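Undergrad: dropping the sequence and predicted coords here.
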Amino acid sequence: MIVIKFKLVQILFPILFLMMSNLALASEVVLVANKANTLDALKQSQLVRIYLRKTKQFSNGSEVVPIDLKASDTRDYFYRKIMRKSERQLKYYWSRMMFSGNTRPPKKLRSDRAVIHFVSQNVNALGYVRADSVTDEVKVISVLDE
Amino acid sequence: MRRTQAFHFLTQSLLLSSLAFISCFSVALHANEERLKQLEMELEQLKLDYQDQEYKVLVQEENITFSGFYSLRGGKSSSNTDYAANFDTVSTIEPDWNIQNGTLFGIQALYTLNDKMSSQVQFVARGSDDFKVTLELGFLEYELTESSSFRVGRLRPTIYRLSEYLDVGFAYPWASPPAEMYGIFPYSAYQGVDYRYWTSYGDWDFKINPYVGFTEGRGVITSPKGSFYGVDLQANYKDFIFRLGASNGRLKFVNGAIEKSINALINGKNLVENAPPELNVKQPGIVDLINMAVLALQAEAEIATNNGDQAKRGRLLTEAQSLQAQKANYPLLSQNGSSTDAQFLGAGITYDDGNWLIMAEASLAKTGSYISDSESGYISFGRRFGNIMPYLRWSMHRVTDASERPQYQDVHFTSPDNILSSQTKIPELNNMTVAEAYGTAIGGSQKITPVLKQAMTLLALEQKNFTFGFRWDVLSSLAIKLETQRLYGFNSSPGFFAPSANSDFDNTTLPEVDDHEYIYQFSIDAVF
């Protein structure tokens, strides 16, 4: 009996650990905007339109400059969980936009710090970073699920 | 007492020395603090400098990006004639498997000059063109604001929904776009300028895109050159995309092989171009043959006049008048090099919720020339099951101005008064006999009119297409597609099984097609 329990723990522990680490990341990726931005929240669908460059403005009509991150766990998490878009969907979409000379994907920066710096310097910027990277140079914007 | 004094002295000196020590220490401490503060400030400055440098590097790194795409495409047709899947890029599908004609590679570079300006160049090498590298895109973009920009250079026309990314197989669901709509458009890129404006109202996103430019097509049957302008309107609402496009052009159809051939069949042509007239041999056209018959009739009428046979003379000259009048049945197509107006109108809708992909488009093409006016359209349904999407598509292409186009008829000869046995010589025709001249005119016209009719049919192709296939997204950036197209509804044309040779249509016989034909295709499409 003890042996079985031990095995169960052996199996369950990594799964639990994975789930927890995922959950931990969940609370850690946040949207950040310039402090001058009057918005406090964005609808999820609006966020998708902004990052796919379908709309060039916030819901209040002011221009938006979305900032992306280079390949990273934070980026993966942002697109999978917050944008709810698969890599396949993104490739299919951007192949139409980029190779036609139509719309370019958002500017990509290498680190959270670069994103925060960019957002703090640009009134219209919108970015995403891990929550523990947030400084008082930017403000956090929440995402509303419809 | 002495002890007390000594104690006093000791405490005082201790106090003094400790005070001195403390003051010394505090002075030293103060100096250190100052230094520390200075160092901290320096460090902060260095940190900021470093951040600025790092930030510049971070942003600069993105100044130039390279990307690309390719399609390895193979096809086979059930007919024994080549199938013109695209009249512009000539990606012919042959009776035997061929993996070169549909294959292409593309690479592009995107360079950001500054916040406002960027440029993009794209090179494409097509198997159908022996992988000769051509510039498909090459423009400079100036962003007035985040939501409006100008582009100038070599652009892709935004005529129909897929026009801008026709070369990128990965970007559409099928192995090839519907030829009925996309195969007939005469140019894939143009030189010009466009303006784009994006705006949003509630959940609706709009794009307005007026453009103006000129183009030099590389079509097979026709090769338009000229200027055009138009506007493309697009609206996004949730999972829907709606678009409307209108374009108006003034196009010159240079090197119109069919036009040249038809005009030669009617007016004849010099077998050696630019040779002096006295040395040249002319291949007669239908008008030359009619003139020949008229000369024969006039020669015979002169004999009848000399013989005092007014009745016979009357009959012969009536026939001559009838033939002269029949010349009007052979209108020339517009002169080679002349310009014509052309209009394109397109409307489309796309629905993509991640599972279902539904696309439909309709278009109208009108030209003031011999090129037929037409309407095209398609509707496609796809359903994604994980990485696999089966799809069904129906498409069509139809001529809308059949009745307004020249209907070349057979020449009507009545052969009055046994003219075909007359041995009267005709001085204007090197003493050829009347019988020979009249007979040659009949025989020649019987050969020419069917070819004329065939050539006109080549300008009025029709077909319908029912396509079934699969798209398998093997990787997020690579898809494999397999499809079968069933072609039908040719309406006595050969469909798109048209001869792709661009030289003489005079000797071309139209390919024979069955009631329905099949096209089999596979493609491996990737982006990187």
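TA: It's in.
Undergrad: residue 39: how many residues sit nearby?
TA: No chain in the question, so chain A it is. Using other C-beta atoms under 10 Å in any protein chain shown, the number of residues around A:Leu39 comes to 17. Quick note: C-beta positions are derived from backbone N, CA and C, even for glycine.
Undergrad: wait, chain B
TA: The number of residues near B:Leu39, taken as other C-beta under 10 Å, comes to 10.
Undergrad: check the one 10 residues further on too.
TA: Look at B:Asp49: counted by other C-beta under 10 Å, it has 10 neighbours.
Undergrad: right, and the helix or strand after the helix or strand containing it?
TA: Assessed by DSSP states H and E, B:Asp49 sits inside helix B:2-60. Downstream of helix B:2-60, the first helix or strand assigned by DSSP H and E is strand B:64-77.
Undergrad: in the stretch 51-200 of chain B, which spans are strands?
TA: Assigned by DSSP state E, counting those that start in this stretch, the stretch 51-200 of chain B shows strands spanning B:64-77, B:83-84, B:92-93, B:104-112, B:117-126, B:132-145, B:148-155, B:190-201.
Undergrad: from the chain's centroid, how far away is the next helix-or-strand element following the last one?
TA: Next along the chain after strand B:190-201, taking DSSP H and E as the criterion, comes strand B:204-216. When distances are taken as C-alpha atoms, centre = their mean, to the nearest Å, strand B:204-216 is centred 15 Å away from the chain's centroid.
Undergrad: ok, and does strand B:204-216 reach over to chain A?
TA: Yes: counting by C-beta under 8 Å from any C-beta of the partner chain, contacts between strand B:204-216 and chain A involve B:Asp205.
Undergrad: what is the orientation angle of that strand with strand B:148-155?
TA: 30 degrees (axes from the mean of the first three to the mean of the last three C-alpha atoms, to 10 degrees).
Undergrad: list the neighbouring strands of strand B:204-216 plus their orientation.
TA: Here strand B:204-216 is paired, per DSSP bridges, with strand B:190-201 (antiparallel), strand B:223-237 (antiparallel).
Undergrad: hey, what's B:Leu251 bridged with?
TA: If you apply DSSP bridges, the partners that B:Leu251 bridges to are B:Gly226, B:Thr340.
Undergrad: actually B:Ala347, not the one I wrote
TA: B:Leu244, B:Ala362.
Undergrad: mind putting the strands paired with strand B:204-216 into a markdown table with mean neighbour count and distance to A:Val30?
TA: Shown next, in a markdown table, are those (neighbours: other C-beta atoms under 10 Å in any protein chain shown; distance: least, C-beta to C-beta, whole Å):
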| stretch | mean neighbour count | distance to A:Val30 |
| --- | --- | --- |
| strand B:190-201 | 18 | 24 |
| strand B:223-237 | 19 | 27 |
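Undergrad: B:Phe496 and chain A, how far apart?
TA: 25 Å (C-beta to the nearest C-beta, to the nearest Å).
Undergrad: cool, and B:Ser148?
TA: Distance from B:Ser148 to chain A, by C-beta to the nearest C-beta: 9 Å.
Undergrad: so that residue is in contact with B:Tyr197, correct?
TA: Yes: shown here, B:Ser148 and B:Tyr197 form a contact pair, counting by C-beta atoms under 8 Å, at 4.7 Å.
Undergrad: before we move on, back to that, turn the strands paired with strand B:204-216 into JSON lines, columns for distance to A:Ser95 and mean pLDDT.
TA: Formatted as JSON lines, these follow (distance: least, C-beta to C-beta, whole Å; pLDDT from 0 to 100):
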{"stretch": "strand B:190-201", "distance to A:Ser95": "19", "mean pLDDT": "95"}
{"stretch": "strand B:223-237", "distance to A:Ser95": "17", "mean pLDDT": "89"}
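Undergrad: mind telling me which of the strands of the stretch 51-200 of chain B the model trusts least?
TA: Per-stretch mean pLDDT for the strands of the stretch 51-200 of chain B is lowest at strand B:83-84 (a mean of 82).
Undergrad: just checking: what are the partner strands of that one?
TA: Partner strands for strand B:83-84, per DSSP bridges, with pairing direction: strand B:92-93 (antiparallel).
Undergrad: which residues touch the strand it pairs with?
TA: Strand B:92-93 is contacted from outside by B:75-77, B:82-85, B:98, B:101-102, B:128, B:500, B:519, B:521, using C-beta atoms under 8 Å, 6 or more residues apart in numbering or on different chains.
Undergrad: how about a cut-off of 6 Å?
TA: B:Gly75, B:Ser77, B:Asp82, B:Tyr83, B:Ala84, B:Ala85, B:Asn101, B:Ser500, B:Ile519 (C-beta atoms under 6 Å, 6 or more residues apart in numbering or on different chains).
Undergrad: look up how far chain A lies from the spatially most central residue of chain B.
TA: For chain B, the residue nearest the mean C-alpha position is B:Ser188 (3.2 Å; C-alpha atoms, centre = their mean). B:Ser188 sits 12 Å away from chain A when distances are taken as C-beta to the nearest C-beta.
Undergrad: element containing the residue in the stretch 301-450 of chain B that chain A sits nearest to, please.
TA: Residue nearest to chain A within the stretch 301-450 of chain B: B:Gly354 (6.8 Å; C-beta to the nearest C-beta). Following DSSP H and E, one finds B:Gly354 outside all helices and strands.
Undergrad: backbone torsions only: list them for it.
TA: Here the main-chain torsion angles of B:Gly354 (degrees, to the nearest 10) amount to phi 100, psi -30.
Undergrad: so which bits of chain A are right by chain B?
TA: Residues of chain A found near chain B (C-beta under 6 Å from any C-beta of the partner chain) are A:54-57, A:63, A:87-88, A:91, A:95-96, A:99-101, A:108-110, A:114, A:117.
Undergrad: swap in 7 Å and give it another go.
TA: Residues of chain A that fall close to chain B, judged by C-beta under 7 Å from any C-beta of the partner chain: A:49, A:54-57, A:63, A:65, A:87-89, A:91, A:95-96, A:98-102, A:104, A:107-110, A:114, A:117, A:124.
Undergrad: those residues in helices, which ones?
TA: Counted as lying in helices by DSSP state H, out of these, are A:Arg49, A:Glu87, A:Arg88, A:Gln89, A:Lys91, A:Ser95, A:Arg96, A:Met98, A:Ala114, A:His117.
Undergrad: show me the contacts for the first one.
TA: Spelled out, it's A:Arg49. By C-beta atoms under 7 Å, 6 or more residues apart in numbering or on different chains, the contact list for A:Arg49 reads A:Thr55, B:Asp205.
Undergrad: send the alpha carbons of the helix or strand containing B:Met389 over as PDB?
TA: Assigned by DSSP H and E, B:Met389 belongs to strand B:388-399. The C-alpha trace of strand B:388-399 is given here as PDB (Å, rounded to 0.1, in the frame of the first residue of the first chain):
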ATOM      1  CA  ILE B 388      -6.700  18.600 -41.200                       C
ATOM      2  CA  MET B 389      -9.200  20.600 -43.200                       C
ATOM      3  CA  PRO B 390     -11.200  19.000 -45.900                       C
ATOM      4  CA  TYR B 391     -12.700  21.600 -48.300                       C
ATOM      5  CA  LEU B 392     -15.200  21.800 -51.100                       C
ATOM      6  CA  ARG B 393     -15.200  24.600 -53.700                       C
ATOM      7  CA  TRP B 394     -17.400  25.600 -56.600                       C
ATOM      8  CA  SER B 395     -16.200  28.200 -59.100                       C
ATOM      9  CA  MET B 396     -17.200  29.500 -62.500                       C
ATOM     10  CA  HIS B 397     -16.200  31.800 -65.300                       C
ATOM     11  CA  ARG B 398     -18.800  33.000 -67.900                       C
ATOM     12  CA  VAL B 399     -18.700  35.300 -70.900                       C
END
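Undergrad: what ranges do the strands span in chain A?
TA: Counting by DSSP state E, chain A has these strands, from start to end: A:29-34, A:41-43, A:65-69, A:107-109, A:125-130, A:138-144.
Undergrad: from these, which stretch is densest packed?
TA: strand A:125-130 (a mean of 24; mean count of other C-beta atoms under 10 Å in any protein chain shown).
Undergrad: now the angle from it to strand A:138-144?
TA: 80 degrees.
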